[in-house]
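>>> using only what follows, build the 3D model:
(one chain, ligands or ions: 1)
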Amino acid sequence: MIGVDRIHLRTFPDRTTLAQTLAAEVADALRAQVAKGDPATLAVSGGGTPKKFFRELSTAELDWEDVTVTLVDERWVPETDDRSNARLVKENLLQNEAAAATFVPLVTDAGSPEGGLLEAQERIADLSGPLTAAILGMGSDGHTASFFPKGDRLEDALDMSGKLLVVPMRALAAMEPRITLTLPMILAAKSLVLHIEGDSKMATLEKALAGDDPLEMPIRAVIEHAPRPLEVVWAP
Ligand SMILES: O=C(O)[C@H](O)[C@@H](O)[C@H](O)[C@H](O)COP(=O)(O)O
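Numbers count the residues shown, from 1 in each chain. Just a heads-up that it's a prediction; the model follows:
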């Protein structure tokens, strides 16, 4: 069982209020990093949950030209594909004020994430230092990023002693081959937030807290190894 003290849960009355609050907090973190003259980097997750948050953040007034946006994970598909997280981010976050940000995709010209691994690793290494902020989602099976139960590289992805910044991932539950930031890369973020919505995802979180096998529910590895209680934001 994972102690509930390992998370800091904030609940919101509705998804719009959550999106506005999270966008304001991420914008503040990016502004503070830019003000220090350090590289400001944001890694976001895909899926359906973050769209409202992306649209709210896209209008934040800050020096976006000093911000780099990348992905926590990606489906190995072209950006023209509906399943592309890069497409989701370009269409919803990199608009308005945020259009001035630099985007670093994880997909390369290689035909597979295994073939593109070295280039993807170099791209993330070039971000020079820990992420300013990383926003995670969670699937109803307790996956986060592309840390899927029974994923072929799950143990490498969760290896806290590992030196890899990204790993490829193939899993039955993942519709496409994936590439994902590793757990150490994600946990090094100065600000890390798990963004979930709906009763089903809350039930999944409660189930994760009630057990301890990270291979069964990989979100457990994030909660267990996070350097401080994991920030969780939820709306019904
Ligand atoms: O590429 C992805 O799909 C995400 O990075 C993944 O980890 C996502 O956050 C969860 O699957 C939740 O997705 P929903 O928000 O669509 O439920």
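
>>> can you name every helix or strand that whichever strand or helix holds Leu88 contacts?
Using DSSP states H and E, Leu88 sits within helix 85-92. For helix 85-92, the packing partners by 3 or more Cβ pairs under 8 Å, 6 or more residues apart in numbering; DSSP states H and E come out as helix 51-58, strand 67-71, strand 73-75, strand 102-104. The way it works is simple: take the backbone N, C-alpha and C, and place the C-beta from them, glycine included.

>>> tell me the helix or strand right after the one helix or strand Val26 maps to.
Under the criterion of DSSP H and E, Val26 resides in helix 15-35. Reading on from helix 15-35 to the C-terminus, the next helix or strand found by DSSP H and E is strand 40-44.

>>> given that following strand, what are its sheet partners and their directions?
Sheet pairing of strand 40-44 (DSSP bridges) gives strand 67-71 (parallel), strand 133-136 (parallel).

>>> before we move on, the earlier item: closest one to the ligand among the helices and strands packed on helix 85-92?
strand 73-75 (4.5 Å; Cβ to the nearest ligand atom).

>>> do that closest one and the ligand meet?
Yes: residues of strand 73-75 are located near the ligand by Cβ under 6 Å from any ligand atom, namely Asp73.

>>> may I see the buried residues of that strand?
Buried positions in strand 73-75, judged by neighbour count with 16 or more other Cβ atoms under 10 Å: 73-75.

>>> quick one on the thing from earlier: dump the helix holding Leu88 to PDB, keeping only the CA atoms.
Output in PDB follows, covering the C-alpha atoms of helix 85-92 (Å, rounded to 0.1, in the frame of the first residue of the first chain):
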ATOM      1  CA  ASN A  85       0.600  13.900 -29.600                       C
ATOM      2  CA  ALA A  86       2.800  16.300 -31.600                       C
ATOM      3  CA  ARG A  87      -0.300  17.200 -33.700                       C
ATOM      4  CA  LEU A  88      -2.400  17.500 -30.500                       C
ATOM      5  CA  VAL A  89       0.200  19.900 -29.000                       C
ATOM      6  CA  LYS A  90       0.600  22.000 -32.200                       C
ATOM      7  CA  GLU A  91      -3.100  22.300 -32.600                       C
ATOM      8  CA  ASN A  92      -4.000  23.200 -29.000                       C
END
